[in-house]
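Novice: coords please:
(one chain, ligands or ions: 1)
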Amino acid sequence: MSVMESPDMMYSRFLQTCDIPVEGKRIEPFTMVIFGGAGDLSQRKLLPSIFYIFRENVLAGGFSLLGFDRTGLSDEQYRTVIKGAVREFGREPFDEGTWDEFSGYLNFLSGDLEDDEKFGELRKRVDQIAIPDSNGNKNVIYYMALPPQVTPLVVKKLKEHNLAKGEFRTKIIVEKPFGHDLRSAEELNKILLDAFDENQIYRIDHYLGKDSVQNIIFFRFTNTIFEEIWNRHYIDNVQITVAEDIGIEHRGAFYERAGVVRDIVQNHIMQIFGLIAMEPPIAFKADFIRDEKLKILRAVHHMDEGYLDKFMVSGQYGPGTIRGRPVAGYREEKNVSPISNAPTFFAGKFYIDNLRWAGVPFYIRTGKRLPTRITEICLQFKQLPVKLFGRTCDTLEPNIIILTIQPDEKIALRFGVKYPYSESHIYHVNMVFNYNETFKMKVHPPYERLLIDCMRGDLTLFVREDTVEEMWAIVDPILSRWEGNPPEDFPNYAAGDWGPAAAYQLLERENRKWITS
Ligand code: BG6
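Specialist: Sure thing, here's the model as predicted:
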């Protein structure tokens, strides 16, 4: 780049816009009905996100919001509650001017979700506030910001009251956790599909809204140098780490029921796993991409009890220290049983039975109260077959590609070079591409991105019925095995450690080790 060149000029030289079809990408006027509109999720994530989307002027076509909850609030009181939430949880300093404009679009309906009359009232309110699109249709998005056990009731009511496929053109957004196991996920899918068509259903996994997760597809399928070696011929093993330093925060009751496998492995990690391992889709279209991810999930090697006992590791944190600060153990957290067996750590080895990956272990680990927050994927390459550098070659480090999803979004390639002035010393270096340093621009946080996609009717980053069930089919045997054989050693890692000793042994006994950037 010459000194005089502005960043914009530079990017326009390198930016290649692909002709990905953009039909259906306009945001038509819509009304979003938020069930659980005054609840935790709505206040912390949903409404602050819609506020920032609004601020960007992408909702110029017209919209309205209707919170539905049993809190007995008036429209005005609801606006006050949400104002407080945007102020507290918004990602940028509060902006009174934008708020004044935005608050005019907020409405509230108080009532019980079991009350049929309320659904009649709901129809009237939506009919009043919805702005028809250019074809005269009233578009409605239902957002289930509810405890998962309540969602089926609401979906049934929407169907009974002809609000699912009746006079409005509708979509429905369903939050995770999507079911509690395979059977309940199938049941929930059945209820949803009885009321809506699959292409009206947006199952959210916020990991898919992360730009760096989406980049996995771009990185893999636009670079000859990587795609050609992305297979069992060159790769020794793949590692996926989703580490969190936070504990369970205010969610003790939820976590007691969920545990780490339901909370992170079944959804976020399985999605990353699918993207890393899938075959190229035949085109960049929602269903083609989702088809390929599904094929990978279906090809996961069957795991019997012997396999599970040997290659799956569970853990729960005890008291410890994170960055010099003492923290309580899981069993001491609020709303957690002092004898709880809920796992807060998972490590395991998976195989994919297909031509690309046969024999390549995929090691996965995730946990709460680990030393740091990092999500990354490491692909470790095989060693060269010849030991050109004599004995030093025995200790040569392998080449590694590291895709860091967060906190810093970057891609690193690790390779060996000659150490200056030495005769035979090899030094391993990282060639790093850092998103923020290169692009210096903000991307939408995951929730905003996914909401915009749903408003536009783009299903690419949402989870399909068959995929959600397949992800459960993978983790269900792990859950049954663990729940049928409660651990005797919990808590088995101290807060601030990288999980229990068994997680290290999982790799060490195969002469490998966990990689961190
Ligand atoms: C949520 C889990 O889905 O993802 C939380 O329920 C977890 O337990 C969170 O903390 C992690 O998300 P992120 O985007 O911070 O990695």
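Novice: from here on, contacts and neighbour counts on C-alpha atoms
Specialist: OK.
Novice: so for stretch 30-46, what gets flagged as buried?
Specialist: Applying a neighbour-count criterion of 16 or more other C-alpha atoms under 10 Å, the buried positions in stretch 30-46 are 30-39, 41-46.
Novice: can I get that stretch in PDB? Just the C-alpha atoms.
Specialist: Once non-C-alpha atoms are left out, stretch 30-46 reads as follows in PDB (Å, rounded to 0.1, in the frame of the first residue of the first chain):
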ATOM      1  CA  PHE A  30     -42.800  -6.400   9.800                       C
ATOM      2  CA  THR A  31     -44.200  -6.700  13.300                       C
ATOM      3  CA  MET A  32     -42.200  -8.700  15.800                       C
ATOM      4  CA  VAL A  33     -44.200 -10.300  18.600                       C
ATOM      5  CA  ILE A  34     -41.900 -11.200  21.500                       C
ATOM      6  CA  PHE A  35     -43.200 -13.800  23.800                       C
ATOM      7  CA  GLY A  36     -41.400 -13.200  27.100                       C
ATOM      8  CA  GLY A  37     -41.000  -9.600  26.000                       C
ATOM      9  CA  ALA A  38     -40.100  -8.300  29.400                       C
ATOM     10  CA  GLY A  39     -37.900 -11.300  30.400                       C
ATOM     11  CA  ASP A  40     -34.200 -11.700  30.900                       C
ATOM     12  CA  LEU A  41     -33.300 -12.600  27.300                       C
ATOM     13  CA  SER A  42     -35.400  -9.700  25.900                       C
ATOM     14  CA  GLN A  43     -33.800  -7.200  28.200                       C
ATOM     15  CA  ARG A  44     -30.200  -8.400  27.900                       C
ATOM     16  CA  LYS A  45     -30.000  -9.300  24.300                       C
ATOM     17  CA  LEU A  46     -33.000  -9.000  22.100                       C
END
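Novice: going forward, begin numbering at 49 instead of 1
Specialist: Fine by me, first position is 49 from now on; the one you just mentioned is stretch 78-94.
Novice: return the distance of the strand or helix carrying residue 168 from the chain's centre.
Specialist: Here residue 168, judged by DSSP states H and E, is contained in helix 164-177. Helix 164-177 has its C-alpha centroid displaced from the chain centroid by 33 Å (C-alpha atoms, centre = their mean, to the nearest Å).
Novice: buried ones in it?
Specialist: Residues of helix 164-177 classed as buried under the neighbour-count rule (16+ other C-alpha under 10 Å) are 166-167, 170-171, 174-175, 177.
Novice: just to revisit the earlier point, ok, the buried residues of stretch 78-94 vs residue 478, which is closest?
Specialist: Each of the buried residues of stretch 78-94 was scored against residue 478 by C-alpha to C-alpha, and residue 93 proved nearest at 36.0 Å.
Novice: tell me who's in contact with the closest one.
Specialist: By C-alpha atoms under 8 Å, 6 or more residues apart in numbering, the contact list for residue 93 reads 137, 495.
Novice: phi first, then psi, for it.
Specialist: When read as degrees, to the nearest 10, the backbone of residue 93 gives phi -120, psi -60.
Novice: how close does it sit to residue 233?
Specialist: Residue 93 sits 24 Å away from residue 233, taking C-alpha to C-alpha, to the nearest Å as the criterion.
Novice: for residue 331, helix, strand, or coil?
Specialist: coil (DSSP: H, G, I helix; E, B strand; the rest coil).
Novice: the closest residue to residue 407 other than its chain neighbours: neighbour count?
Specialist: Counting by C-alpha to C-alpha, 6 or more residues apart in numbering, the nearest residue to residue 407 once its immediate chain neighbours are dropped is residue 399, at 6.6 Å. The local packing of residue 399 (other C-alpha atoms under 10 Å) involves 18 other residues.
Novice: give me the local confidence score for residue 399.
Specialist: Turning to residue 399, the model gives it a pLDDT of 98.
Novice: isn't it up against residue 410?
Specialist: Yes - with contact defined as C-alpha atoms under 8 Å, residue 399 reaches residue 410; the gap is 6.1 Å.
Novice: against residue 327, how distant is the nearest residue to residue 491 once chain neighbours are set aside?
Specialist: Excluding its sequence neighbours, the residue lying closest to residue 491 (C-alpha to C-alpha, 6+ apart) is residue 259, at 7.3 Å. According to C-alpha to C-alpha, residue 259 and residue 327 sit 20 Å apart.
Novice: do residue 446 as well
Specialist: According to C-alpha to C-alpha, residue 446 stands 25 Å off from residue 327.
Novice: in the stretch 199-348 of the chain, what residue spans correspond to helices?
Specialist: Counting by DSSP state H, counting those that start in this stretch, the segments of the stretch 199-348 of the chain that form helices are 199-208, 230-243, 259-270, 272-275, 300-308, 318-325, 334-346.
Novice: including mean pLDDT and distance to residue 291, could those helices go into a markdown table?
Specialist: As requested, the helices of the stretch 199-348 of the chain are arranged in a markdown table below (pLDDT from 0 to 100; distance: least, C-alpha to C-alpha, whole Å):
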| stretch | mean pLDDT | distance to residue 291 |
| --- | --- | --- |
| helix 199-208 | 96 | 30 |
| helix 230-243 | 97 | 25 |
| helix 259-270 | 93 | 16 |
| helix 272-275 | 91 | 26 |
| helix 300-308 | 95 | 11 |
| helix 318-325 | 98 | 14 |
| helix 334-346 | 95 | 22 |
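Novice: need those in JSON lines with mean neighbour count, can you?
Specialist: JSON lines is the format used below for these (neighbours: other C-alpha atoms under 10 Å):
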{"stretch": "helix 199-208", "mean neighbour count": "18"}
{"stretch": "helix 230-243", "mean neighbour count": "18"}
{"stretch": "helix 259-270", "mean neighbour count": "16"}
{"stretch": "helix 272-275", "mean neighbour count": "12"}
{"stretch": "helix 300-308", "mean neighbour count": "18"}
{"stretch": "helix 318-325", "mean neighbour count": "22"}
{"stretch": "helix 334-346", "mean neighbour count": "20"}
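Novice: so which helix or strand of the chain has the lowest pLDDT on average?
Specialist: Among the helices and strands of the chain, helix 55-62 carries the lowest confidence by mean pLDDT, DSSP states H and E, at a mean of 50.
Novice: averaged pLDDT, the next helix or strand after that helix. What do you get?
Specialist: The C-terminal neighbour of helix 55-62 among helices and strands, as given by DSSP H and E, is strand 78-83. Averaged across strand 78-83, pLDDT comes to 97.
Novice: mind listing what strand 78-83 pairs with, with the direction of each?
Specialist: In the sheet containing strand 78-83, the strands it pairs with under DSSP bridges are strand 111-117 (parallel), strand 187-192 (parallel).
Novice: now the angle from the longest one to helix 164-177?
Specialist: It refers to strand 111-117. Counting by axes from the mean of the first three to the mean of the last three C-alpha atoms, to 10 degrees, strand 111-117 points 160 degrees away from the direction of helix 164-177.
Novice: ok now strand 111-117, how far from the chain's centre?
Specialist: With C-alpha atoms, centre = their mean as the basis, strand 111-117 stands 25 Å off its chain's centre.
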